[in-house]
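In: What shape does this take:
(one chain, ligands or ions: 1)
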Amino acid sequence: MTEQEIEPTDGARPARSRGSSHDEEWEYHTGPVTLRRSRLPGTTTDQRLLDNKGRADWVHTDPWRVMRIQSEFVEGFGALAELGPAVSVFGSARTKVDSPHYRLGVEVGRALAKAGYAVITGGGPGAMEAANRGALEAGGASVGLGIELPFEAGLNPYVDLGVNFRYFFARKTMFVKYAQGFIVLPGGFGTLDELFEALTLVQTQKVTSFPLVLLGSDYWGGLLGWLEGTLADHGMINVEDLRLLQLTDDVDEAVRIIIESERNVAPKRPE
Ligand SMILES: C/C(=C\CNc1ncnc2c1ncn2[C@@H]1O[C@H](COP(=O)(O)O)[C@@H](O)[C@H]1O)CO
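Out: Predicted coordinates:
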């Protein structure tokens, strides 16, 4: 085995065994492996870590990406673990500040904050900003889970606790893990992606059932009609599963649905 084939561990250190300066009498421990004589490495683990020679293209390799992905989960869990009850609010990044949908978002944020929920959004502009703004104005916790995008707008100014993600899937885990329910304002592809991911998790029982509330019957009515009229008619979905989506125009009712479902929630099954 050569030095390259040994995966050194943090605990690796050269150890003098019998008080002589001869190489034959040195040992090098790396995890469960002991190296002597011709197997002794020429450098220490720290030396190799601190050296800045050689190629740097390993930062673009999958093993290194795995470490970055891990760190997103670690940072996300660390930042949100003590948040308390929360609701994730989704909606269009393009909603204009002077539009009725923006006002709806502000109302949702306020109502959730008054009911004691932290508001989690994607941290961006439009409907996300509206919900964060409402939460902040009502004295609630306002959280933004930002995403690195080529046309990134950065976290909106109403976010008090922001976490930025590179990976959509890590960020989506946070939306689900730390929320008692979802409220979905009018939105586009991003909003639909978030809604259907959550719906699939609930429908396949990958997550303890939680409420998915669509706000705005004018906007969402067409989608629900298509799900019922086309998907269910073709046998692509079980019509019963449409009950997992709840539609309302009333902000207070949306919040009530979430409060009620928390009361009725079954205890989590053991893993
Ligand atoms: C389009 C612009 C900025 C985009 N910035 C975003 N920041 C954070 N989160 C975003 C952003 N864009 C989409 N999202 C996520 O998807 C949902 C909205 O997508 P939609 O396609 O607009 O419906 C939203 O809930 C976010 O989680 C510049 O204006």
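In: and the host helix or strand of residue 182, what does it pack onto?
Out: Remark: residue 182 resides in strand 181-184, with elements defined by DSSP states H and E. The contact analysis (3 or more C-beta pairs under 8 Å, 6 or more residues apart in numbering; DSSP states H and E) places strand 181-184 against strand 86-90, helix 189-203, strand 212-215, helix 251-264. Glycine gets a C-beta too; all of them are placed from N, C-alpha and C.
In: List the buried residues in the last one.
Out: Right, the one you point to is helix 251-264. For helix 251-264, burial by neighbour count (16 or more other C-beta atoms under 10 Å) applies to 251, 254-255, 257-258, 261.
In: Stretch 153-166 now?
Out: Here stretch 153-166 shows 155-156, 158-159, 161-165 as buried, counting by 16+ other C-beta under 10 Å.
In: Could you provide these in a markdown table, with additional columns for secondary structure, distance to the ligand and pLDDT?
Out: A markdown table is the format used below for these (DSSP: H, G, I helix; E, B strand; the rest coil; distance: C-beta to the nearest ligand atom, whole Å; pLDDT from 0 to 100):
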| residue | secondary structure | distance to the ligand | pLDDT |
| --- | --- | --- | --- |
| 155 | coil | 8 | 95 |
| 156 | coil | 8 | 97 |
| 158 | coil | 13 | 97 |
| 159 | coil | 10 | 97 |
| 161 | strand | 15 | 96 |
| 162 | strand | 11 | 95 |
| 163 | strand | 12 | 95 |
| 164 | strand | 10 | 94 |
| 165 | strand | 9 | 94 |
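In: Now the two most distant members of those.
Out: Of all pairs drawn from the buried residues of stretch 153-166, the widest gap by C-beta to C-beta lies between 158 and 165 and measures 18.7 Å.
In: how much does the helix or strand hosting residue 111 deviate in direction from helix 251-264?
Out: If you go by DSSP H and E, residue 111 is part of helix 100-114. Computed by axes from the mean of the first three to the mean of the last three C-alpha atoms, to 10 degrees, the angle separating helix 100-114 from helix 251-264 equals 40 degrees.
In: Any idea how many residues pack against residue 243?
Out: Look at residue 243: counted by other C-beta atoms under 10 Å, it has 8 neighbours.
In: Next, it: phi, psi?
Out: Backbone geometry at residue 243, expressed as degrees, to the nearest 10, gives phi -70, psi -20.
In: From residue 237, how far off is it?
Out: Distance check for residue 243 against residue 237: by C-beta to C-beta, to the nearest Å, it reads 11 Å.
In: same question, residue 74
Out: From residue 74 across to residue 237, the span is 36 Å (C-beta to C-beta).
In: So if I had to pick from those two, which one is more boxed in?
Out: Per other C-beta under 10 Å, whichever of residue 74 and residue 237 has more neighbours is residue 237, with 16 against 11.
In: can you pull the contacts of the more buried one?
Out: By C-beta atoms under 8 Å, 6 or more residues apart in numbering, the contact set of residue 237 is 227, 231.
In: Let me know the helix or strand that it is in.
Out: Of the helices and strands defined by DSSP H and E, none includes residue 237.
In: Put the alpha carbons of the helix holding residue 111 into PDB.
Out: Only the C-alpha atoms of helix 100-114 are listed here, as PDB (Å, rounded to 0.1, in the frame of the first residue of the first chain):
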ATOM      1  CA  PRO A 100     -54.100  42.500  -5.000                       C
ATOM      2  CA  HIS A 101     -51.900  39.300  -4.800                       C
ATOM      3  CA  TYR A 102     -49.200  41.200  -3.000                       C
ATOM      4  CA  ARG A 103     -51.800  42.600  -0.500                       C
ATOM      5  CA  LEU A 104     -53.100  39.100   0.000                       C
ATOM      6  CA  GLY A 105     -49.500  37.900   0.700                       C
ATOM      7  CA  VAL A 106     -49.000  40.700   3.300                       C
ATOM      8  CA  GLU A 107     -52.300  39.700   4.900                       C
ATOM      9  CA  VAL A 108     -51.300  36.100   5.100                       C
ATOM     10  CA  GLY A 109     -48.000  36.900   6.700                       C
ATOM     11  CA  ARG A 110     -49.700  39.100   9.300                       C
ATOM     12  CA  ALA A 111     -52.400  36.600  10.100                       C
ATOM     13  CA  LEU A 112     -49.900  33.800  10.500                       C
ATOM     14  CA  ALA A 113     -47.700  35.900  12.800                       C
ATOM     15  CA  LYS A 114     -50.700  36.800  14.900                       C
END
